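In: Sequence plus predicted model, see below.
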Amino acid sequence: MLKEKTGIGPGLLFMILYATLFSLGVMQSPYVAAEYIGNNGYWGLVLAFVLTVGLIILLNSLGRKFPKKSIIQYLPVVCGTFLGKILGLIYLTFIFAILILSSNMTALQSGTYFLFRTPSWAIFLLYLGVLTYIAHQGIEGITRLAAFIFPVTFILSLMAIGFSFQSFELDNIRPIFFIDGLKIPLGAVQLFYPFFPLITVLMIYPYLTEKRKGFKTILGATTLAFFMILATIISGIGNYSAPGVLRYSWPVIEVTRKANLPFILQSFGLFFTVSWLTLTLTGLGFLYYILAEGIAQLLGVLNYKWFTLILFPIIYSGMILLTEIIEVRYIFSFFRVSGFVFTIGFLLFVWLLAVIRRRGGKKDAA
Amino acid sequence: MLRKTLIILLLFIIMSFTSGCWDVQEISRRGIASTVFFDSGKTSSVKIGIVIPVPGTQIPPVQGTTQQFQKRHFIILGEGKSALEAWTKVHSNVATDIFFGQIRAIILSEEVARGNINDVLDFVGRFPLIPPNTNVLLTKNDPEKLLDLKNEANLLPGNYIDFYFQIPGKRTLALPLDLWRVNSIVDKKWQDSYLPIIEQSQDNYRIAGTAVFSENSMVGELDMDETQTLALIMGSDLGYLTLPLNDVKLVAFHKIKSQTKTEITVSDTGIVTFDVKLKITGGVVESKPQRIISKDETERIENEAETLTKRKIEALLTKLQGLNSDPVGFGGKYRIKYPRQWANIDWHQVYPVAIINVHTKFSIKSTGLFK
Amino acid sequence: MFFDKFLKSPKKKPIPIKIGSSVLKHGEIKGSIDDIIQVILQSTGSPGDLVIRRFEDNGDTAAAVIYLETLVDGNLLGQHVIEPINKFIQEKTAVLGASQLKLIISASKSVEVDNLHNGIEKLLSGYALVIIGDVSIILAVPLLSFAKRPIEEAVTEKTIKGPREGFNETLSDNISMIRRSIKDPNLKLEKKIVGERTKTEIAIIYLNDVANPDIVQEVHKRLEQIKIDGILETGYIAEFISDRRLTPFPLVQETERSDKVMSAILEGRVAILVDRSSFNIIVPATSNEFYQTAEDFYFNWITGTALRLIRAIGTIIAVTLPGFYLSMVTINPELLPPSVVQLEASVRTQVPFPAILEMGITFFAFEVLREASARSPVNINMILGVGGGIVMGLAAINAGLVSGITVTVVVFCVLATFCTSNLAKEQAWRWIRYVLFAAGAVFGFIGVICAGVLILAHMASLKSFGVSYLAPWGPPIIVDMADSPIRLPWWLSYRRPPTYRPQQEDRLGKNEGEDEA
């Protein structure tokens, strides 16, 4: 047998990160950009991306300090056993929150457009069943799935987003360089949410086979996802204008739904939904796996395969609790801000502690 | 053991769903609405009419049979205090499940349009199945009688309207507006809506002009000529223009292409001035009397065309200012250049007194197959 | 637990192997010729085709030849064994001993048997056993001869252009085809016996300096682990050596074509040839391999590329179209263009069944037709096809039982499944189509996508001898990806597919291969 090793190369890392970032980012970005900034809301994402570069540097630095350990494994080393476990639990709770919020929004969005008589519990059950199966395949299976679907979904979503610019009006996204107080920086905080899943890299860093290419790969995936999300924001605002975007629950689906080719194609919404949903299921399955793997490492019992089943009812209950759209939106805006603070703050804290206490490096690489 | 547990879980999930498929509805059991219209009912209630195809008539008919010539749609009406109540009345009046996912046109009566179209379209826009590029039109006649007409092509009214607007050459005659764009204009507030007016003509439908709105209520209408002028200002690519040179001579153009550049200045005293510069090109398609159009003739025609278009545009803009309707979107130009001031003004108070200077430049691009 | 009884595999009991009616304990050769003959008769149960030919010399049995007349070539026996022994005995120049016997028996590959177990095995494998007065050894002479099918075109993988030699059921013929094409001293051929009772001979063939040694080692290991009484066909071995049992997808490639096996060996893969089976195995096998045919390489690369794309698109449509069609007709008609929806609604007004039942019945009818035409005699096939397919289909449409559009979709999907060039893969897609169909019936468009993702996730987790099943797409192997949807021209194909991690990637042997992560 070819020696089976749980390893993921740069290509696989690129694909899975892109799938996760794009699928989550594209859901609400135009709405958030229009709500908090206005007609030039795209600057918020640009500024958020600039901050993300710093985040990626931090991630890479932490990964290189502990190349063979996941964050759950080296938190006790850095912070002490008790605090390390607590921080590990907080980290996993954050992943859990991303997972249930995103799953809930995805399921509701699909239900609103395609299955509006089907009760939400049934859609949640269907989605969670798929996510459980994907997570159960392990990191190699998930990343291979992401790699396989990447070419087709990328082309389809690019086409759909490209054609959504059909009725684009430049005036809708102007004035381009208008700065209205602190709207853009505050909007950038709100628009940072697509990059939350980057912290999952800390769990899978030990599996990377070419760690020296880690920074470039993560940055590449983030950049590609950034450009795609930016295109959806510009398209959304350019078509509807910022006040027009705020009318819709799911502006990205709307903007691709209205794109068409007369006499040839009724709507590009179908292509976009297929590619987005496929990427979302893969990305959320990845988050589910990270959660299961993290808990297995934290508790030191069983393995991730067992925890994909054990966590099923817990995640399902979490999704059921957030069934009202209005509530999700309220929680989501709070989550975006706190998530930003947590992502940057938590990583900075761990990194600083590792530097001050001189943890990590060669002696911890073994 | 683990894999087997997972399989059991999957099987359980699959089995639990075979019992109920909530969204299943046979396509033949759906009343696939082709067009929906809104009118005022008695005593300020809402009247909804839905055009549904006669079941089994949309397949190609056997040639020469009477079925080929019979009308293939019918209308169901409902009235109620709200649009939903009216809709439920319609729903209870058919054997099928009314399905809005294939609607091609929404028609508003003049009475409804003179109210608030945002409220009317809110009901239909919230349906997730409504196609966003549904055409929205207005009629001055009774919409029920209009849509009950069997047109010459024996097409469903919605299909007829959809095919009509898909043809590029008709865009400047009709200025179509999709549902999503109407909603967008209503939301952004720096532009006013405009809807094509549909009427019956020679056993077919005709777009007779454009209804203009001010703050979501209809305030006036433009005839065909004014509609084409409006298309010029907004930027067209396949317009038409007839230029009378004197009582007997005329030149007509097609493929009228216009590009507009608008600049705004606000003086210290708050007077808003728009400089509208249009670059118009066209191809000669008719010359009466027939003659070769020489270079001198070309220059003369171009000058005349510039004067004519300028006059038409100025007249139209004056009319629109008088109606306090801004379908062109001058408010957007104000917002872009003066974003801070925009938040503090009421555009519909500024717009009617704004000064609009028009400059046109016309050039003949081609003379067709003849010189 | 309640489900344990159903979930646990039955305890395996060892099957005692008996030869004849008594168990040979040690099998040593001792006693007189008659004693040996008696033991052999007892052990084999005196079969009707067993012949014992004695050679008398002055009233004593100087030698005996035992053989199964149904397996041994009589002419060769007479020429190489009986005549020389007779001549020796008549000439009486010496006592017929072991050394003399080896001299006079002119058949090549004669082997000395020092154990009766082995002797009986040889007897049952088509050898003639020569026993002499000095019974310390038995000489087994290979004289196997049986009726066999000549080399013909592969029945399941026909081509328009290219060699028409398909494998037959004779291992030596199959090996000879490969030997004729690959005249490389590095071509390694190793034989094994599998199956306790059938003793089926299998051959493992690979290029020693190209194939990954880990894969070769794993092939040997898995074959050695096979414990079964009989191997009748390649499929038995395929199931035993597959990485995962609970999957509809074939994880090894079975083929009847010799050129396919040869091409695979040149790529660094390992071929397993099985006696008595015209299908032979190639490992490892990725999903990509099942969409490549020999014709891709015999035609111009543009034609090859077009054929591959048609196959890929045809398969995708065949698998997903029923689910999508059903979902759009019952749950999500808003996704179709309005003219199609209106036409569909009108056509279906007279159909009495719901769409799911209508499609289910139509699919079942075509599956029955397919099975019936596969089992029916050739001269009835045409009538079955015309009568069953065309006439019945038209009658059902005219009677209003099914709609024309449904029949069109079903027939197209059934036919398009055959775009997959491999029978085993085609079977897998055939049943997976119904999973997507069911998903579309319950959850519409979303259900089809979810089911599709589940299937892809399953495929992503599969491996064939350590190679990812979705390679070269997952993990992405850029060099190999170019050769997947398109067929690279030969003047660009200077590398072997790195997917199988060959020792040499350069086809001309200039550069060493790299290990792709």
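Out: Arrived safely.
In: Quick check: closest non-adjacent residue to A:Ser23.
Out: A:Thr280 (3.8 Å; CB to CB, 6 or more residues apart in numbering or on different chains). No exception for glycine: its C-beta is placed from N, CA and C like everyone else's.
In: What pLDDT does the model give the one you found?
Out: Note for A:Thr280: predicted pLDDT of 95.
In: now the strands for the stretch 1-150 of chain A?
Out: Counting by DSSP state E, counting those that start in this stretch, the stretch 1-150 of chain A has no strands at all.
In: and it, which residues reach chain C?
Out: A:1-4, A:7-9, A:11-12, A:15, A:110, A:114-115, A:118, A:123, A:126-127, A:130, A:133-134, A:137-138, A:140-150 (CB under 8 Å from any CB of the partner chain).
In: Filter these down to the buried ones.
Out: Among the residues of the stretch 1-150 of chain A next to chain C, those scoring as buried are A:2, A:7-9, A:11-12, A:15, A:110, A:114-115, A:118, A:123, A:126-127, A:130, A:133-134, A:137-138, A:140-150 (criterion: 16 or more other CB atoms under 10 Å in any protein chain shown).
In: circling back to that earlier point, what distance do you get for the residue nearest to A:Ser23 to chain B?
Out: According to CB to the nearest CB, to the nearest Å, A:Thr280 and chain B sit 18 Å apart.
In: hang on, that residue packs against A:Gln109?
Out: No - taking contacts as CB atoms under 8 Å, A:Thr280 lies outside contact range of A:Gln109: 9.4 Å.
In: between these two, who's got more neighbours?
Out: Counted by other CB atoms under 10 Å in any protein chain shown, A:Thr280 and A:Gln109 do not tie: A:Thr280 has more neighbours, with 28 against 23.
In: for the chain, longest helix please?
Out: The chain I'm using is chain A. When chain A is parsed with DSSP state H, its longest helix is helix A:81-114.
In: I was after chain B.
Out: helix B:295-323.
In: packing partners for it?
Out: For helix B:295-323, the packing partners by 3 or more CB pairs under 8 Å, 6 or more residues apart in numbering or on different chains; DSSP states H and E come out as strand B:204-214, strand B:217-222, helix B:224-234, strand B:239-244, strand B:250-266, strand B:272-288, strand B:355-366.
In: Which ones among the buried ones among the residues of the stretch 1-150 of chain A next to chain C map onto helices?
Out: Using DSSP H, those in helices are A:11-12, A:15, A:110, A:114, A:123, A:126-127, A:130, A:133-134, A:138, A:140-150.
In: list the contacts for whichever residue of the stretch 51-200 of chain B sits closest to chain C?
Out: Residue nearest to chain C within the stretch 51-200 of chain B: B:Gly101 (2.9 Å; CB to the nearest CB). Applying CB atoms under 8 Å, 6 or more residues apart in numbering or on different chains to B:Gly101 gives the contacts B:Ile32, B:Leu129, B:Ile130, B:Pro131, C:Pro333, C:Glu334.
In: so the last one touches B:Leu129, yeah?
Out: Looking back up the chat, that one is C:Glu334. Yes - between C:Glu334 and B:Leu129 a contact is recorded at 4.8 Å, counting by CB under 8 Å.
In: quick one: common contacting residues for those two?
Out: In contact with both C:Glu334 and B:Leu129: B:Phe99, B:Gly101, using CB under 8 Å, 6+ apart.
In: Those two: which is more packed in?
Out: The neighbour comparison of C:Glu334 against B:Leu129 (other CB under 10 Å) goes to C:Glu334, with 26 against 16.
In: Now do the helices in the stretch 101-250 of chain C.
Out: For the stretch 101-250 of chain C, the helices defined by DSSP state H, counting those that start in this stretch occupy C:116-124, C:171-181, C:213-224, C:234-241.
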